[in-house]
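Everything below, folded, please.
(one chain, ligands or ions: 1)
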Amino acid sequence: MYLHLDQISVQYAAAARPAVQHVSLGLRRGQVGALIGPSGCGKTSLLRAVAGLERLKSGKVVLDQRTVSDAALGVHVDAEARRIGMVFQDYALFPHMTVAQNIAFGLHGQSAAAQRERVAQMLDLVGLGGAAKRYPHQLSGGQQQRIALARALAPQPSLLLMDEPFSSLDIDLRERLAQEVRAILKQTGTTALFVTHDQLEAFAVADVIGVMNHGQLEQWDEAYALYHRPATRFVASFVGHGVFAQAELVVGADGPQVRTPLGLLSDPIECPLPGNDGLCEVLLRADDIVHDDDSPVRAQIQAKAFRGSEFLYTLKLASGEQVLAHVPSHHDHAIGEWIGVRAEMDHVVTFPRLVA
Ligand SMILES: Nc1ncnc2c1ncn2[C@@H]1O[C@H](COP(=O)(O)OP(=O)(O)OP(=O)(O)O)[C@@H](O)[C@H]1O
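Numbering: from 1, shown residues only. Sure thing, here's the model as predicted:
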C-alpha cells in the first residue's frame, strides 16, 4: 500500500475518549479515498493525523514506504516535512496575492522560469488559463476552489488531503466540480484522501470509501459494496435509503432462505449466524421493492416524494411493516391507495435482530 494507516488512534488532551479509534486503511498509489460519516465521527481528526497536525495515541502511518507517524516508537515527522498537499472547505487562498502568486507559493526554491512554467501548467490543468493575474476576490467560489487545488498540486505532493472541499459551493457546481476534481486527480496520478458529509460526492470522486462512526471505521470498501454488502447495520442505514424488516432465516433443501413480510427471499449473502430461532432482520432498499400489479403482496401508499424520474413511496404492508420503494414517476398513485409490490434483489442482507 502507498498510504497505510495501521490501527491509528487520536485523542485530544481533555477528551474522555479518542476521536479516532484503531482505524486501519490503505490506498494504492493513484487511488482516491473518501471518508464519510455523521458530524463529529472523527473524519477531520483522522485527516489531521495523516497530515501530521495531530500526534497519534497509538498506531502508525506509512506513506510511500516511509513511516511518518508511529506512536510506539515515538516517530512523528512534522507536517511540513511530509510533502502533503491540503485543500480545505474555505479555499484559504491568500487574498493579497494574485492567482499566479498563490499557485507559486509552494514552489519557492525553484527558479522564476520554472515557477512560471509550473503555474501555467497548473492553470491549464484546472481550466483557468486566463486567470493568472487576477485576485481571489475576482473569482467565483468554484474558481477559487480550483485554484486552491492547483496550489496544492503544484509542488507535486506525495499525497493530497481535502477536507470538505466542495461544501461551501452550491449544489450544481458541487457535482460538476467533484467530477472535474476526480478527472484532475486521475490525470495527474495523485493519491488523495478526502472528507465529505455528502455520500453522493464520495461516490462521484472516490475509488474507495470509508464509513466512520464514533471514531471507528465501520467499512472501507468500494461504493457498490457499501451499498449492496454493508458490513454493519450502521453502514446499511447510513448509505442509501432502506429499512430493516423483521425476518426469519430458514434452511430448506435449497439452502438458506429468509422469510420476510414480502415473501421468501433466496440466497442471503451476509447471514448472521442464526440462533436456534433463526430470528433476524433483513435490509430492504427502496430499489429492491418493485411495483407489480400482479403481486399477491399489497402495500398502502403512506407518503410519496417526487424525484423527477421516480417517486420515493413510503409503503405500509398488510403486516404493518413500513418499506420504501422507488417507482418510475409515470406510476402516479394516490396516497392511501393499495398497490402490488414484490421484492427483486440480488443481495439479501440480514443482520441479527436487535434486542429491545
Ligand atoms: N481540537 C480539539 N480538541 C478537543 N476535541 C476535539 C478537537 N477537534 C475535534 N474534537 C472532537 O473530536 C471528535 C471528532 O471531531 P472531528 O472534527 O474529527 O469530526 P468530523 O467527523 O470531522 O465532524 P464534522 O463532520 O462535524 O466536521 C468530536 O467529538 C470533536 O468534538
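
contacts and neighbour counts: CA atoms only from here.
Fine.

give me the residue from the stretch 151-300 of the chain nearest the ligand.
His197 (6.1 Å; Cα to the nearest ligand atom).

Touching, that residue and Pro38? I think so.
Yes. With contact defined as Cα atoms under 8 Å, His197 counts as touching Pro38 (6.9 Å).

show me the contacts for the residue of the stretch 151-300 of the chain closest to the ligand.
His197 makes contact with 36-39, 164 under the criterion Cα atoms under 8 Å, 6 or more residues apart in numbering.

what stretches of the chain score poorly on pLDDT?
Of all residues in the chain, those with pLDDT under 70 make up the ranges 91, 267-276, 355-356.

pull the longest helix from it.
Of all segments of type helix in the chain, defined using DSSP state H, the longest is helix 171-188.

Would you mind writing the CA trace of that helix as PDB?
Backbone C-alpha positions of helix 171-188 (Å, rounded to 0.1, in the frame of the first residue of the first chain) are rendered in PDB as follows:
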ATOM      1  CA  ILE A 171     -25.200  22.000  -5.300                       C
ATOM      2  CA  ASP A 172     -25.000  22.100  -9.100                       C
ATOM      3  CA  LEU A 173     -21.400  23.500  -9.000                       C
ATOM      4  CA  ARG A 174     -20.500  20.900  -6.300                       C
ATOM      5  CA  GLU A 175     -21.400  18.000  -8.600                       C
ATOM      6  CA  ARG A 176     -19.600  19.400 -11.600                       C
ATOM      7  CA  LEU A 177     -16.500  20.300  -9.600                       C
ATOM      8  CA  ALA A 178     -16.500  16.900  -7.900                       C
ATOM      9  CA  GLN A 179     -16.300  15.200 -11.300                       C
ATOM     10  CA  GLU A 180     -13.700  17.700 -12.500                       C
ATOM     11  CA  VAL A 181     -11.500  17.100  -9.500                       C
ATOM     12  CA  ARG A 182     -11.700  13.400  -9.900                       C
ATOM     13  CA  ALA A 183     -10.600  13.800 -13.600                       C
ATOM     14  CA  ILE A 184      -7.700  16.000 -12.500                       C
ATOM     15  CA  LEU A 185      -6.500  13.600  -9.800                       C
ATOM     16  CA  LYS A 186      -6.600  10.700 -12.200                       C
ATOM     17  CA  GLN A 187      -4.800  12.700 -14.900                       C
ATOM     18  CA  THR A 188      -2.000  13.600 -12.500                       C
END
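
and the end-to-end length of stretch 285-300?
With Cα to Cα, to the nearest Å applied, stretch 285-300 spans 17 Å between its terminal residues.

Please state the offset of that stretch from the chain centre?
30 Å (Cα atoms, centre = their mean, to the nearest Å).

Would you point out the most distant pair within the contacts of His197?
Pro38 and Glu164 (13.0 Å; Cα to Cα).

between the two, who's got more neighbours?
More neighbours surround Glu164 than the other of Pro38 and Glu164, with 19 against 15 (other Cα atoms under 10 Å).

Quick check: buried residues in stretch 60-70?
Judged by neighbour count using 16 or more other Cα atoms under 10 Å, the buried positions of stretch 60-70 are 60-63, 68-70.

Nearest spatial neighbour of Leu177, chain-adjacent residues omitted?
Gly142 (7.2 Å; Cα to Cα, 6 or more residues apart in numbering).

For the one you found, pull up the helix or strand it's in.
Gly142 belongs to helix 141-153 when assigned by DSSP states H and E.

chain center to that helix, what's the gap?
21 Å.

relative to helix 171-188, how tilted is it?
20 degrees (axes from the mean of the first three to the mean of the last three Cα atoms, to 10 degrees).

which outside residues touch helix 141-153?
85-87, 91-93, 99, 102-106, 122-123, 125-126, 128, 136, 160, 165-166, 168-169, 173, 177.

does Ile184 really touch Val126, like I thought?
Yes. In this structure, Ile184 is within contact of Val126 by Cα under 8 Å, at 7.4 Å.

the helices in the protein, which residues?
Taking DSSP H as the criterion, the chain carries its helices at 43-51, 99-104, 112-125, 141-153, 171-188, 199-205, 223-228, 233-238.

Which residue, other than its chain neighbours, is closest to Gly52?
With Cα to Cα, 6+ apart, the residue lying closest to Gly52 is Ala79, at 4.5 Å.
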